[in-house]
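Trainee: Dropping the sequence and predicted coords here.
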Amino acid sequence: MRVLFLSIVSLCCAVTMLGLVGCSGSNGATEQVTGTVTFEDGTPIKGGTIVFASLDENSSSIGYIKEDGTYELGTFSETDGAPKGRYEVTVIGSSDYGQSSPIHQKFANQGQSPLKAEVQDGPNVIDFKVERAR
């Protein structure tokens with residue numbers, strides 16, 4: 001009975017450790033990422049969401065675009081930044097209920113968005129220009 005108990009405890013510990021290692025490929029280290037999202041004419045995007053999807057790991061970081069077009073990314077908390085690495089970036093503009101996004105749809109679709117970014121050591125300021133919806 002004691003051997004069975006110890007086996008179950010060992011198995012639970014191993015599964016927990018494997019889960020922690022698998023979920024934190026970056027060891028939990030993040031770098032500050034801020035920037036501005038504007039239309040091609042320089043007009044800021046007034047609200048929305050920006051997502052950095054890692055090209056190297058199975059993770060993503062998200063930021064909320066403010067009314068002035070600025071954003072700050074978060075991965076494990078709202079504004080803790082993103083792990084170093086290469087990213088595909090998608091931007092989804094906010095819109096009134098029932099209305100279309102003011103941003104061209106290609107920027108909102110992972111795999112179609114032309115936006116890319118690389119997060120490096122230290123503070124990162126990464127600005128993006130997007131097209132208006134047609």
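Mentor: Thanks, I have the structure now.

Trainee: Low-confidence regions, the chain specifically.
Mentor: 1-27 (pLDDT under 70).

Trainee: go with 90
Mentor: Counting by pLDDT under 90, the ranges of the chain that qualify are 1-28, 94-101, 134.

Trainee: and the longest strand that the chain contains, C-alpha only, in PDB?
Mentor: Longest strand in the chain by number of residues, with DSSP state E as the criterion: strand 85-93. Extracted as PDB, the C-alpha positions of strand 85-93 are listed here (Å, rounded to 0.1, in the frame of the first residue of the first chain):
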ATOM      1  CA  GLY A  85      11.700  35.800 -30.100                       C
ATOM      2  CA  ARG A  86      10.100  36.200 -33.500                       C
ATOM      3  CA  TYR A  87       6.300  36.800 -33.900                       C
ATOM      4  CA  GLU A  88       3.500  37.100 -36.300                       C
ATOM      5  CA  VAL A  89       1.300  40.000 -35.300                       C
ATOM      6  CA  THR A  90      -2.500  40.400 -35.700                       C
ATOM      7  CA  VAL A  91      -4.500  43.500 -35.100                       C
ATOM      8  CA  ILE A  92      -8.200  43.600 -34.500                       C
ATOM      9  CA  GLY A  93      -9.900  47.000 -34.300                       C
END
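
Trainee: and the helix or strand following that strand, what does it pack onto?
Mentor: Per DSSP states H and E, strand 85-93 leads on to strand 116-119 as the next helix or strand towards the C-terminus. Applying 3 or more CB pairs under 8 Å, 6 or more residues apart in numbering; DSSP states H and E, one finds that strand 116-119 makes contact with strand 85-93. (Each C-beta comes from the backbone N, C-alpha and C, glycine too.)

Trainee: from the middle of its chain, how far away would the strand it packs on be?
Mentor: How far strand 85-93 lies from its chain's middle: 7 Å, per CA atoms, centre = their mean, to the nearest Å.

Trainee: ok, that strand: who's next to it in the sheet?
Mentor: strand 48-54 (antiparallel), strand 116-119 (antiparallel) (DSSP bridges).
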